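# Structure of the sequence below:
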Amino acid sequence: MRAQRLTARIGRGLRGYDRRFWILLGVQLVVAVGFGAAMPFVSIYLHNQLGTPMSLVGTIMLVSALVASAGRILGGELADRIGRRPVVLGGMAVRVVTFAVMAWVIHIRAPALAVGAVFLLVRLAGAVVRPALMAMVADVVDPGRRVEAYALFRIGSNAGWAMGPAIGGFLVATSYASLFLLTAAASLVGLLIVFRFTSESMRAAEREAFSLRRLVDVARDRSFLVFASWCVLLFLVMGQFASTLGVFATSIIGITEANLGILFTVNGVAVVLMQWPAARLAGRVGIRWGLVIGCLLYAAGYFSVAFAPGFAVLIGSMVVITMGEVIFSPTSTAAVANMAPSERVGRYMGFFGLTEALGWSAGPFIGGLLFDRWSGIPVALWGTIAAMGVVAAGGFAVSMRRRAGLPGGSLPVG
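Have a look, this model is predicted:
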């Protein structure tokens, strides 16, 4: 009986979404499976198969992050001018081609720089699609349900990422090129679904003439700029996930690389299991307090790493960090959608992606400096990182206020 009531409650929560939302969610799942099958193996291929120095591999990854940042701005601007659907279709078509080319350059064992150049095109195409896709979700979902909608998108994405590496690990025994053929095929399936089953969702287009000055207009929205500033601080904390945390866990606490892989798997599985109830909670407390709670959970999770004697406690820390992730990520995306004028949602999503990339890129650098200085004093290392999360929480709590017309949402004051 209890299970039936729970099922009925979930069913009621999932009803009422536009058909296009479910189609886009399906596309996200398919594309994430393909992307997750290939992307974790790019660095491994460059280093282990081509003998590329890790310094060059790291440089390629850094440049790819910068390219992706530019792609998000470009994609957001295009989405507001020519429509969401053409940008998604065009970007996914380019992805199909670039992934196929990636498979080819790997098959012929092209030099590392050639592989890196194609990889930059892959990241650029994916980044252009992202803000258009998020803007389309905002178009077809009521403001009061956007936190839950973006949470469902994250479930689809993480479910794909959970399946993708497992498939990739099987295919890599055949060839590295097969990974990217699979990703090209997944992108093609997504492209055909969007082409066949979706229509344009944009209600009003950006009518002002294009200029470089217009690209920085978002920064003149003082409320959004305050919001983005606190987000950057939290993204610096989030950026410790695959860098400082992994190095500290293996070199200081002493867990094995295999256990580290399990630790990251715990994150992916926990996201899938916890994202929906976390989004429902965030929907009840509102965007303002959802952001605050997410920041505090991140801070608590990372601070607890300082006291972890081994693998078991690290799993607990990862669960707390994941709780912060599943609350903060969809809530912050919904906040951007609610703040943006209807004709500029893509532009706002693009700039939000830029702040995210900035935080995730600078986070490992800052974490590395802290690690070199305080790796022998874990409380100082993780206390400093946690303090950034606490400051971000305080920033959201102080600078956000309710504003009429945004159900369940909060906006920063100037």
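# measure the residue lying closest to residue 378 once chain neighbours are set aside to residue 123 for me?
Excluding its sequence neighbours, the residue lying closest to residue 378 (C-beta to C-beta, 6 or more residues apart in numbering) is residue 306, at 3.9 Å. In this view, the C-beta of every residue, glycine as well, is placed from N, C-alpha and C. Spatial separation of residue 306 from residue 123 under the definition C-beta to C-beta, to the nearest Å is 34 Å.
# Of those two, give the one with the bigger neighbour count.
residue 123 (22 against 18; other C-beta atoms under 10 Å).
# Would you map out the domains in the chain?
If you go by automatic domain parsing, the domain ranges for the chain are 17-205, 217-414.
# Give me the nearest residue to residue 122, chain neighbours excluded.
Distance criterion C-beta to C-beta, 6+ apart; nearest residue to residue 122, sequence neighbours excluded, is residue 98 at 4.8 Å.
# okay if I get the domains of the chain as a markdown table plus mean pLDDT?
Compiled in a markdown table, these are given as follows (pLDDT from 0 to 100):
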| stretch | mean pLDDT |
| --- | --- |
| domain 17-205 | 85 |
| domain 217-414 | 83 |
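# about what we covered before: next up, the contacts around the residue nearest to residue 378.
Under the criterion of C-beta atoms under 8 Å, 6 or more residues apart in numbering, the neighbours of residue 306 are 378-379, 381-383.
# Pick the one among those closest to residue 316.
Sorting these by how near they are to residue 316, with C-beta to C-beta, puts residue 382 at the top with 14.2 Å.
# Quick check: the closest one touching residue 303?
Yes. Here residue 382 reaches residue 303: they are 5.2 Å apart, a contact under C-beta atoms under 8 Å.
# Which one's more surrounded, those two?
residue 382 (26 against 22).
# Name the residues that touch stretch 332-342?
Contacts of stretch 332-342 with the rest of the structure, by C-beta under 8 Å, 6+ apart, involve 134-135, 137-138, 143, 146-147, 149-150, 203-204, 221, 223-224, 227, 231, 287, 291, 294, 345, 347-349, 352, 406, 409-411.
# buried stuff in it?
Of all the residues in stretch 332-342, those buried under the rule 16 or more other C-beta atoms under 10 Å are 332-340.
# Turn those residues into JSON lines, columns for distance to residue 391 and secondary structure.
Rendered in JSON lines, the data for the buried residues of stretch 332-342 read as follows (distance: C-beta to C-beta, whole Å; DSSP: H, G, I helix; E, B strand; the rest coil):
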{"residue": "332", "distance to residue 391": "16", "secondary structure": "helix"}
{"residue": "333", "distance to residue 391": "21", "secondary structure": "helix"}
{"residue": "334", "distance to residue 391": "22", "secondary structure": "helix"}
{"residue": "335", "distance to residue 391": "18", "secondary structure": "helix"}
{"residue": "336", "distance to residue 391": "21", "secondary structure": "helix"}
{"residue": "337", "distance to residue 391": "25", "secondary structure": "helix"}
{"residue": "338", "distance to residue 391": "24", "secondary structure": "helix"}
{"residue": "339", "distance to residue 391": "21", "secondary structure": "helix"}
{"residue": "340", "distance to residue 391": "25", "secondary structure": "coil"}
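# Please identify which of these is nearest to residue 46.
Distance to residue 46, by C-beta to C-beta, is smallest for residue 333 among the buried residues of stretch 332-342, at 31.5 Å.
# ok, now how distant is that closest one from residue 353?
Computed with C-beta to C-beta, the distance linking residue 333 and residue 353 is 10 Å.
# you'd agree residue 345 is up against residue 83?
No. Judged on C-beta under 8 Å, residue 345 makes no contact with residue 83 at a distance of 11.9 Å.
# okay, these two: which has more neighbours?
Neighbours of residue 345 and residue 83, each counted by other C-beta under 10 Å, are more numerous for residue 345; the result is 31 against 19.
# Spatially nearest residue to that one (excluding sequence neighbours)?
Using C-beta to C-beta, 6+ apart and skipping residues adjacent in sequence, the residue nearest residue 345 is residue 135, 4.2 Å away.
# which phi and psi does the one you found have?
The phi and psi torsions at residue 135 (degrees, to the nearest 10) take the values phi -70, psi -40.
# again, but for residue 198
With angles defined as degrees, to the nearest 10, residue 198 shows backbone torsions of phi -120, psi 160.
# can you pull the contacts of residue 182?
34, 37-38, 167-168, 171.
# Any chance of those residues in CSV with secondary structure, distance to residue 276 and neighbour count as columns?
Shown next, in CSV, are these (DSSP: H, G, I helix; E, B strand; the rest coil; distance: C-beta to C-beta, whole Å; neighbours: other C-beta atoms under 10 Å):
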residue, secondary structure, distance to residue 276, neighbour count
34, helix, 24, 28
37, helix, 25, 27
38, helix, 27, 29
167, helix, 24, 16
168, helix, 26, 24
171, helix, 30, 19
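# Distance to residue 63 for these - can I get that in CSV?
Putting the contacts of residue 182 into CSV (distance: C-beta to C-beta, whole Å) gives the following:
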residue, distance to residue 63
34, 23
37, 23
38, 18
167, 28
168, 23
171, 27
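# Around residue 143, count how many other residues there are.
The burial count assigned to residue 143 is 16, neighbours taken as other C-beta under 10 Å.
# what do you get for residue 290?
What residue 290 shows, counting by other C-beta under 10 Å, is a neighbour count of 28.
# still on that earlier bit, SS state for the residue nearest to residue 122?
Here residue 98 is recorded as helix under DSSP: H, G, I helix; E, B strand; the rest coil.
# Does it touch residue 117 like I think?
No. Between residue 98 and residue 117 there is no contact under C-beta under 8 Å: 10.4 Å.
# taking the buried residues of stretch 332-342 as a set, which two sit the farthest apart in space?
Pairwise distances across those (C-beta to C-beta) peak at 12.9 Å, for the pair 332 and 340.
# in a helix, that's where residue 376 is, yeah?
No. If the criterion is three-state DSSP, then residue 376 is coil and not within a helix.
# Check the gap between it and residue 314 for me.
Residue 376 is 18 Å from residue 314, where distance means C-beta to C-beta.
# ok, and for stretch 292-302, which residues are buried?
Using 16+ other C-beta under 10 Å as the burial criterion, the residues of stretch 292-302 that qualify are 292-302.
# again, but for stretch 226-237
Neighbour-count burial for stretch 226-237 flags 226-228, 230-237 (criterion: 16+ other C-beta under 10 Å).
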